[in-house]
Each structure stands twice: as structure tokens, then as C-alpha cells.
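K.L.:
compute the structure for the input listed below.
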Amino acid sequence: MKSPPTMDPEAPGTPPESTEERQQGQGERQGGKKRLPWRMTLSLAYQSLGVVYGDLSTSPLYVYKAAFADDIQHSETNEEILGVLSFVFWTLTLVPLLKYVCVVLRADDNGEGGTFALYSLLCRHARAALLPPGRGAEPGDEDQFSDAGGGAAKKYLEYGGNATAALGGGGAAASVRRVLERHRVLQRVLLVLALVGTCMVIGDGVLTPAISVFSAVSGLELSMEKGHHKYVELPLACFILVCLFALQHYGTHRVGFLFAPIVIAWLLCISSIGVYNIVKWEPHVYRALSPYYMYKFLKKTQRGGWMSLGGILLCVTGSEAMFADLGHFNQLSIQIAFTCMVYPSLILAYMGQAAYLSKHHILEGDYRIGFYVSVPEMIRWPVLAIAILAAVVGSQAVITGTFSMIKQCTSLGCFPRVKIVHTSAKVHGQIYIPEINWILMILCLAVTIGFRDTKHLGNASGLAVITVMLVTTCLMSLVIVLCWHKSIFLAIGFIVFFGTIEALYFSASLIKFKEGAWVPIVLAFFFMMVMCIWHYGTIKKYEFDLQNKVSINWLLSLSPNLGIVRVPGIGLIHTELDSGIPAIFSHFVTNLPAFHQVLIFMCIKNVPIPHVSPEERFLVGRIGPKEHRIYRCIVRYGYHDVQMDDQEFEKDLVCSVAEFIRSGGGGASNPKANGAAAPEKDEERMSVVASGSMRMLEEDGVGAAESAVGPSRAGAGAGGETGVRKRVRFVLPASTPRPNAGVQEELRELTDAREAGMAFILGHCYVKAKSGSSFFRRFVINFGYDFLRRNSRGPSYAVTVPHASTLEVGMIYYV
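P.N.:
So this is what the prediction gives:
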């Protein structure tokens, strides 16, 4: 007998080797450490030029102009210009090349990068997560997920459960882990660090498009009559920014094929101009690569030179994108693109500008110290056009990265729910968030119109960039000890070396608070306040659920006491609890003493890993004895996973329960033999159920060659109701032995319930501060959290639920 054609070829019944191969393939697609063919690696390196390096590549547009804004003057000794070049060279060498390419890129979270990836990596190696349970590691995970085999979910459990001993890394790693787990203050500091880095990335999403586009169009000064450019630059920059944000909903995949050629053309353009200027004006400019010129620069300029570091810092803006966009590529492709193309092109561009300026000391106008003055006049217009295109590409990458960061925060319960639109069916990480897009556009236009010059924009952007780098350095020092199990002295050396460099730049940026640096601080404070209020309210709501959940025994004793009736169909109750019965259900049952023939308590759990494989997505368990037909299903998603639509999800959920029943039902068949405590114990016994081994058919007529389990009477009995409801049958692989009578009976009841229909019982909770609470708690809960809840999107599972099948239960939570 052949397998039915509807069978999934990746069913759990297949040999273990196929599962491992599939996981390897997924690891390669997710940009992990799997070795890829050289042709694919080079292709990824080519693509990364357009996606990752657009922002970093356009920095020559404004670095020299920002450095020479007010703090230092270009003199005939050339000590200032050569000193700035020396600082630019060593900053590019130490931060993007040494820190990110050689070290930070190795700290990926199953192929994903970014601030939150580092945070989730640390939380899995030490129980330091302060995220709401259900969105992070929590006690009991090791019991629920003990059956999870392989892949990202297994790593999550091994790191998030009490697998401390299995993690290895004695000595320093164990000591640091114990300190983090023992002191809740340090856990809060860790979360605040991650949130500060995230908020600064969002701020960078506002400032980078503004300074990139404005710097690109400022080249009109040299191509128009004196004074006329001021009437064109600002409107043109605002027009380009509006177009940039207005086109976001189309997705980068529609124009993405143009990104890499634009950035390559830009890099070739600036490097060629750099070589031309070096050869023509100052072939010996390479001497400035010596660190001695940095000493001479600081000795001569003193305080002014230190303050000018805030402008020099802009040469590394966009470096964080190498790590943040790691999920779309792999480490080797990003390293190849930077070391072979981006780094030498930028060095040549900066050297060329310095060579030209070293021979031109008397320049008219405020702009003349910038990029376009070093461009030969005959090619100035084509370079201007390429620069505008490159600025748009760089801005696009930063905006997309901001969307990804917001999605991570939302998945982990640190940001209000927003609408997330996936713009590409092929590229997983390309998303669009309408609310965030328009907020970014308004803020970007506001700072562009408000400042109208690269000096203030550069001060603002520099502080945002260096803050993210400082956060990454702090988190990386912990990763070196906790995750890589290296010497604590190596971690201290890392944070001292790179932290000192970045602290120097940070101080130079912070001193310009009144000259534009206040913008990222205000933006970060606003978004930080939103995140903290949402996080605090979510934690309090969950704690109320946890304290007011009812026991299994209470549910089992309801029927005789209240005369509860079971109605046909499947009742799907969403809860954030992964154990016990939520208070919202007890509120529902005591007011309406009836529930469905089959009851499923569903918990959608966002775990702090990038992806959960389909084989490990569903955890199914039984609540109480078999005859009650009450189940619990935990559905796990990583912070980069796309949640399934309602039809697909519905079928997979029912099939996972059916597979759980077929595979033995968790061993809860005889609770009376195990004593009174058996239901409590059995409720906690969860099994990983791989989707695909059992298929559900909802149509008339199934081939005779297919082994099917279902109500044979349903087709005949529903003869007059064929147009009303479809016949449901579960199709098994041919090699599967026929289930016993008890399992067939339970599956028959499940198919009967599925045919009767599925009802969604959704809890609608209003969180209020209880009487006697402090003014701070009343303000945060009653005003802040309530405002965010009313103006945020509903849960993703509730958006696509059919309204005719939905029953909402309201309840006030006093926290």
C-alpha cells in the first residue's frame, strides 16, 4: 500500500538523518556557521554590499565637513587635515575591521545578529531574562520541553532550563553566571542595556536618512549660483525623504537588485576620485596613516581636537549594520565584502580628500571643506546623482533594520504590538511596519527642517551610533565569558581596549548636547519610556494571571457542581499561561456553565531564539483523564518567525492534537490508578508533536488506498448536510500501524468536534491599578499602559480569527 499523496515527505516518521539534513539546510538559509559553496558565498557578499554597507559607504560625504565644523581650522601646516585622516584610518581599522569583522560577527544567535540577539544569547546561558514568562526562559521549561529534539528549540532549552552544568565553562563563566542569576539588579541592568541599544538604533533610523540625503544634495552648492542652492537643497531633501518612506510598503525585494550595483558604482567612484587626488595633489599623504599624526593633531588642537572627534566618529556610522543584518547573509560573505571592497575604497576616498585639501587652504564658503570640492568639476553632476542614489540605498538599509529591531522587541514583549507586513515571500526578514514607518518619516522631516545643516545632524547621529557600539562592547564582554568560556582577562581586555576608544568618542559627542546631540537622547528617552511601561504592564498582567489561575481539580469538579454541559465542537481558549487554568476561563464558565466537547488551551510562546523548526513548534499535553477531552497546546515561535495564517494554523493545531492522541496521549489513560495527584502531574507532561505525519482532509471522497481514521458514519449521517459542513478524516502514512480501539474512539470524537466547528474564546483584559497603589503605579498602569494597549494592535492570533466563531470574555485585572 502506498502512502497517500497528501502525506508530507518531512514527517517525523522519516529516518533521523533526513531531519538532521533539513536542520542543516535551515541553518544555512539562516546565515549560520554552516559552510556554503564559494559561489553562493560570493553571491551573498555581492548582495551584502547593497543591503549592509550603503550607510557606511556614504560617510565620506560628511565626515570632513563635520570634523572641521567649528572646533578646528584647516591651516597651511596641514597638521589638522593629516591628523583627522590618521584618526579616520585607525578608527575604521579598529572598530569595523578588528572589532566587528574579526570578533563581534562570531557572536551570532543561531545566525541572527543585533543587540537583542546578544541579549537573548546571554539569557540562554544564564537565567537572567526579565521578559514575561512565555516570552523567555522560565522555571519549568526544562520539564515541558524535555522531549524537544535537536535544532534551535533544543538549544534554547539546554541554555534556558537548568542545564547550567551542561553548558560547561567552569571557573570564571560559572562565577559570572551565578552573580547574574543571584542579583536581580544586574538582570535589570542587562535588560536596560539591550533596550538602550535598541532605542538608539531606532534613533539612528531617524537621523541617518536625514544626514545622508541632506549631505548628498548639498553638493548643489558647487553646481549652482551662489546663494541659490539654499532654496533647492531643503525642499529636494524633504521630497526624497518622503518618497523614500512612501515606497517602503513595496518592500526592498522589488528594487533590491539595484542596490548592490549602486553601492558598487559609488565605491568605485569615490576610490577612483581618491586615487586621482592622491596622484595629482599629494602622493605622500600615506604618511598620515602613522599614529604619530594623531598625537600631533591632539597636541596642537587640544580641546578643539577632542571635540572634533564627534565628527570624525561619523566615519564608522553604519558599522553596526554588519552585525544587525547578519541574519540575511553569513559571516564570511560580510567579511569578504568589507575587507575586499568597502574598507580599501573608503580609505582611498578619505586619503584622496585629505590630499586635495592639503594643497587647498583658502576656500570660499562654509561648504568648501566637504566632499564635493575634491570632485573634478567635469564629473560633479554624475557624482551628485550617484551620491543621492547611494544615500537612498543606505537610508533604506537603516530603515529596514529599524523594522527588524521593532519586530524583535514586539516578539519578546518589550514593545506594543504593531502591524507587521511581510513584503517578500522568499526573503524572510523583509518586513514593513506602517505605524513605525510614518513615525520615522515625520521625525526625519522634523530634524531635517529643524537643523538644515550637517553639523547638527552629524552631532545627533554620532551620539546614536557610538551609544549602540558601547552597548555592543559591554554585551560582547559577557558573551566572551559566558558563551565562549574564554578567560575573564580576555573579556576585560576587550572591554577596556574598545570601551576606551568608544568612551573617548562618546564624551566628544555628548559634550555637544546643545548642538544637536540632544535629539537621540530625547528619542531614546521617549522610546525607552514606551518600552518600559509596556514591559512593566505586561509583567504585572502575567503575574495576575499566575496568581489567579485555578487548579485542574477545580475544573474537573465543575460538571457535577454547576451542571455544566458539553456542547459539540472544539473550544480554543488562548492563554498566556503554560500551566494551570487561566482566571478568564473560570470567569467564563461560572457565568455561562457550558463548554465544548473538546477543549484546547493554547499558549503562543515567543522564545528568545531566531527560529523554531516546524518539527518542534507544537507542544501538546493532556489536562486530566482521557474522557474529559481537555488538552493543552503550546505553540512556539522565534523572534524572526512568521506566524501562520488562521486556516493553516487551525489545521496544524488539530493535527498536532490528533498526532498526540495517536502516539499514546502522554500516558494519562488511567489517572485513578495513580492516586489523586495524577491529574496535576499528567497536566504537566508535554510532548513535542511534529506536524506532517498525520494529515487532515476536509473534503468528500478519499481514495481507497489511503489509510484513514475517522467517523465512517459521518459521511452517511450527513448526507443531507453535505453543503453545510465537510467531512473530516485524518490520513496516516501507509507504514503506520492501525491505532487501537481507544485511540480510534478519541480520534473519532476529535473529528466529530472538528466537523461541528471551532469556536475561539478570547480573553479581553482591562488592567487597572488596585486601590492603595502608589501614584507611580496608578499613573503607569491606568494611563500609560492603558493608552498603549488601546492604541496598539490586537494579538496576531486574534486578527485573522473569523468573527462569527469568536467569543470574547471581558475581565478587569487589578494589579
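K.L.:
shaky segments in the stretch 501-650 of the chain?
P.N.:
552, 555-556, 558-563, 608, 639-640, 644-646 (pLDDT under 70).
K.L.:
okay, helices next: where are they in it?
P.N.:
518-547, 552-556, 558-562, 583-591, 646-662 (DSSP state H, counting those that start in this stretch).
K.L.:
just the angle between the fourth one and helix 518-547, please?
P.N.:
Angular relation of helix 583-591 and helix 518-547 on a 0 to 180 degree scale: 40 degrees, by axes from the mean of the first three to the mean of the last three CA atoms, to 10 degrees.
K.L.:
with just CA atoms, put helix 583-591 into PDB.
P.N.:
Extracted C-alpha coordinates of helix 583-591, given in PDB (Å, rounded to 0.1, in the frame of the first residue of the first chain):
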ATOM      1  CA  ALA A 583      -8.800  33.100  35.600                       C
ATOM      2  CA  ILE A 584     -10.500  34.300  32.400                       C
ATOM      3  CA  PHE A 585     -11.900  30.700  31.800                       C
ATOM      4  CA  SER A 586     -13.200  30.400  35.300                       C
ATOM      5  CA  HIS A 587     -14.900  33.700  34.900                       C
ATOM      6  CA  PHE A 588     -16.400  32.500  31.700                       C
ATOM      7  CA  VAL A 589     -17.600  29.100  33.000                       C
ATOM      8  CA  THR A 590     -19.100  30.400  36.200                       C
ATOM      9  CA  ASN A 591     -21.200  32.900  34.200                       C
END
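K.L.:
who touches it?
P.N.:
544-545, 548-550, 554, 558, 562, 564, 573, 575, 595, 601, 761, 763, 765, 809, 811 (CB atoms under 8 Å, 6 or more residues apart in numbering). Where you see a C-beta, it was placed from the backbone N, CA and C, and this is true even at glycine.
K.L.:
narrow those to those that are buried.
P.N.:
Buried by 16 or more other CB atoms under 10 Å: 544-545, 549-550, 558, 573, 575, 595, 601, 761, 763, 765, 809, 811, out of these.
K.L.:
which helix in the chain runs the most residues?
P.N.:
When the chain is parsed with DSSP state H, its longest helix is helix 184-217.
K.L.:
list the buried ones in stretch 783-796?
P.N.:
Gly784, Tyr785, Asp786, Leu788, Arg789, Ser792, Ser796.
K.L.:
in TSV, list those residues along with secondary structure, pLDDT and distance to Arg177.
P.N.:
As requested, these are exported to TSV (DSSP: H, G, I helix; E, B strand; the rest coil; pLDDT from 0 to 100; distance: CB to CB, whole Å):
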residue	secondary structure	pLDDT	distance to Arg177
Gly784	helix	92	34
Tyr785	helix	92	33
Asp786	helix	91	38
Leu788	helix	91	34
Arg789	helix	88	36
Ser792	coil	84	35
Ser796	helix	58	34
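K.L.:
ok, those vs Leu241, which is closest?
P.N.:
Within the set of the buried residues of stretch 783-796, Ser792 lies nearest Leu241; the separation is 26.2 Å, counting by CB to CB.
K.L.:
phi, psi for the closest one please.
P.N.:
For Ser792, the backbone dihedrals (degrees, to the nearest 10) come out as phi -100, psi 170.
K.L.:
excluding covalently adjacent residues, which one is nearest to it?
P.N.:
Distance criterion CB to CB, 6 or more residues apart in numbering; nearest residue to Ser792, sequence neighbours excluded, is Pro416 at 3.7 Å.
K.L.:
would you agree the one you found falls within a helix?
P.N.:
No - per DSSP: H, G, I helix; E, B strand; the rest coil, Pro416 lies outside any helix segment and is coil.
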